[in-house]
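**Student:** Let me see the structure of the following:
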Amino acid sequence: METARTTVDRTAVVDALRLAVGDSLLTAQHELDNTRSDKSGQHSATPPLAIVDAATVEHVQATLRIAHEHRVPVVPRGAGTGLSGGAMASEGEIVLRTTRMTRILEIDDRDQIAIVEPGILNGDLNRALLPHGLRWTPDPASREISTVGGNIATNAGGLLCAKNGVTREAVLGLDVVLADGTLMKLGHRTIKGVTGLDLTALMIGSEGTLGVIVGATLRLTPIPAGAVATIGAYFPTIEDAAEASAAITAARLRPAAMELVDPVALDAILGYLRLAPRSRGSAYLLVQTDGDAAEAEASTALQIIAGHGGDAAMTCDPEEGERMLAVRRAMHPAMEALGTVLIEDVSVPRSRLPEMFAALRDIGARYGISIPTVAHAGDGNLHPNLVYTGDDVPEHIWRAADEIFRAALALGGTLTGEHGVGTLKRRWLADELGEAQLNLQHRIKAAFDPLGILNPGKAL
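**Tutor:** As a prediction, this is how the structure comes out:
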């Protein structure tokens with residue numbers, strides 16, 4: 001669904017915004033240029049009309065009322081760490097940024113909930129929860145620089161979602177401003193609640209196309225008691241490592257984290273961290289268990305790993321465990337050190353991971369490129385990285401990406417597990433959803449945003 005754009009009196013729009021939000025209106029060229037891209041590697045050709053650096057719910061409402069009146073597109077934006085182009089802005093658009101809305105309004109220890117504004121960083125929230133013995137479990141790799149609102153808008157996942165679920169499972173309610181400036185309170189602060197349609201779940205992962213999140217009631221969980229056991233295992237091939245991870249899942253174990261790193265990615269990461277290289281072709285499997293059964297589950301996982309030819313080491317020392325996790329967490333900076341990166345995000349059934357890794361190797365060979373890949377093996381979510389030089393994605397990289405998407409769909413998978421659609425994957429939506437479902441989603445979008453001003457050209 002695209003915006004029905006009309007001729008806009010730009011001066012009138014900027015004047016109205018300045019009157020409504022004062023110094024929260026930004027129009028400096030360098031500020032505007034910073035919103036033309038996110039972490040996806042894509043860039044819009046032209047800067048937006050203005051940025052509203054909202055500090056209050058009233059700022060958000062006023063901006064949307066003005067945009068609605070003048071039929072001006074609005075791009076909701078958090079920290080700009082997205083990987084699908086969902087928060088990129090271009091000519092004639094207003095960027096509505098919520099990174100100044102950072103308050104924790106409530107932490108309820110008894111009911112284990114927190115009520116927060118959308119601009120608080122994931123890492124900052126969890127540091128504030130630490131003295132309460134609680135945590136918010138969504139754990140994207142960008143947790144130190146991504147906002148809770150952005151995590152919700154993209155239904156972010158991360159290393160810990162294999163056991164704890166993605167963001168949707170950790171949100172009970174949302175405060176949302178609709179396209180016309182109407183403030184709605186969705187959901188509840190109870191664990192159960194089935195009154196009416198679940199609009200909260202619909203809003204999560206909608207990438208700013210249905211409304212702007214201005215508050216969230218979050219479901220917290222206790223920080224696990226007892227030991228945390230971490231296993232780092234090396235395998236001769238990535239298929240061997242993937243077979244071992246699938247066997248751990250089949251054994252009914254539920255690791256807190258289970259990550260795969262293919263040989264190309266592992267070489268780059270070890271080089272970036274200045275660690276000793278492994279033998280050529282080595283792949284890495286990281287498994288972490290927590291809770292009262294952590295050591296018993298890790299012991300079983302070790303047996304499975306050994307049976308699949310893995311060379312493993314286990315520790316219950318927290319600092320050593322973090323050092324093992326650091327290998328996986330260094331993936332993004334290690335890739336950025338190689339060049340410009342198109343980070344993909346497909347998911348397949350966990351039992352099909354070996355086949356998907358084999359498909360990636362074949363695709364890379366056909367196009368004469370390496371495709372360093374990591375995977376959240378606990379839920380089947382892979383991140384193939386397509387590295388190139390220059391600002392624009394070369395055509396052969398897009399063709400390789402097309403084959404990656406089609407391979408994932410052929411294995412019963414999906415185009416995106418956690419990064420979202422944004423602008424990056426719109427062209428493939430019908431391949432997965434079919435025309436009938438895509439049309440239904442467009443009608444839902446129109447019910448929330450009749451003029452089509454919210455994040456046009458993104459997600460749908």
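**Student:** What does Met258 show for phi and psi?
**Tutor:** Main-chain dihedrals, Met258, degrees, to the nearest 10: phi -150, psi 110.
**Student:** What of the one 4 residues further on?
**Tutor:** Asp262 has phi and psi values of phi -80, psi 170 when expressed as degrees, to the nearest 10.
**Student:** Can you give me the neighbour number for it?
**Tutor:** Neighbour count for Asp262, taken as other CB atoms under 10 Å: 28. (C-beta placed from N, C-alpha, C; glycine too.)
**Student:** Quick one: residues contacting it.
**Tutor:** With contact set as CB atoms under 8 Å, 6 or more residues apart in numbering, Asp262 has these partners: 238, 283, 357, 360, 372-374.
**Student:** same deal with Leu186?
**Tutor:** Applying CB under 8 Å, 6+ apart, the residues contacting Leu186 are 173-176, 199-200, 203.
**Student:** With Gly208 instead?
**Tutor:** By CB under 8 Å, 6+ apart, the residues touching Gly208 are 75-77, 86-87, 153, 454-455, 458-459.
**Student:** which residue packs closest to it, ignoring adjacent ones?
**Tutor:** Using CB to CB, 6 or more residues apart in numbering and skipping the chain neighbours, the partner closest in space to Gly208 is Pro76 (3.6 Å).
**Student:** Next secondary structure after the helix or strand of the chain with the lowest mean pLDDT?
**Tutor:** In the chain, no helix or strand scores lower on mean pLDDT, DSSP states H and E than helix 161-164, which sits at a mean of 82. Heading C-terminal from helix 161-164, the first helix or strand you meet, by DSSP states H and E, is strand 171-177.
**Student:** returning to what we had before: show only the entries of the contacts of Asp262 found in helices.
**Tutor:** 238, 357, 360 (DSSP state H).
**Student:** now the residues you listed in TSV, with distance to Leu440?
**Tutor:** Formatted as TSV, those follow (distance: CB to CB, whole Å):
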residue	distance to Leu440
Ile238	38
Phe357	34
Leu360	32
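**Student:** and which of those residues is nearest Leu302?
**Tutor:** Nearest to Leu302 among the ones in helices among the contacts of Asp262 is Ile238, at 19.5 Å by CB to CB.
**Student:** need the contact list for Asp379.
**Tutor:** Residues near Asp379 by CB under 8 Å, 6+ apart: 157, 161-162, 347, 350, 417.
**Student:** from those, which is closest to Thr230?
**Tutor:** Nearest to Thr230 out of these is Ala162 (CB to CB; 14.0 Å).
**Student:** Now for the closest residue to the closest one other than its chain neighbours: which residues touch it?
**Tutor:** Once flanking residues are discounted, Ala162 sits nearest to Gly378: 2.4 Å by CB to CB, 6+ apart. By CB under 8 Å, 6+ apart, Gly378 lies in contact with 161-163, 245, 249, 254-255, 257-259, 350.
**Student:** 10 Å - rerun?
**Tutor:** Gly378 is in contact with 159-163, 245, 248-249, 253-260, 287-288, 350, counting by CB atoms under 10 Å, 6 or more residues apart in numbering.
**Student:** hang on, the earlier thing: most widely separated two among the contacts of Leu186?
**Tutor:** For these, the farthest-apart pair by CB to CB is Asp175 and Leu199; their separation is 11.9 Å.
**Student:** how close does Leu454 get to Asp175?
**Tutor:** Here Leu454 is placed at a distance of 16 Å from Asp175 (CB to CB, to the nearest Å).
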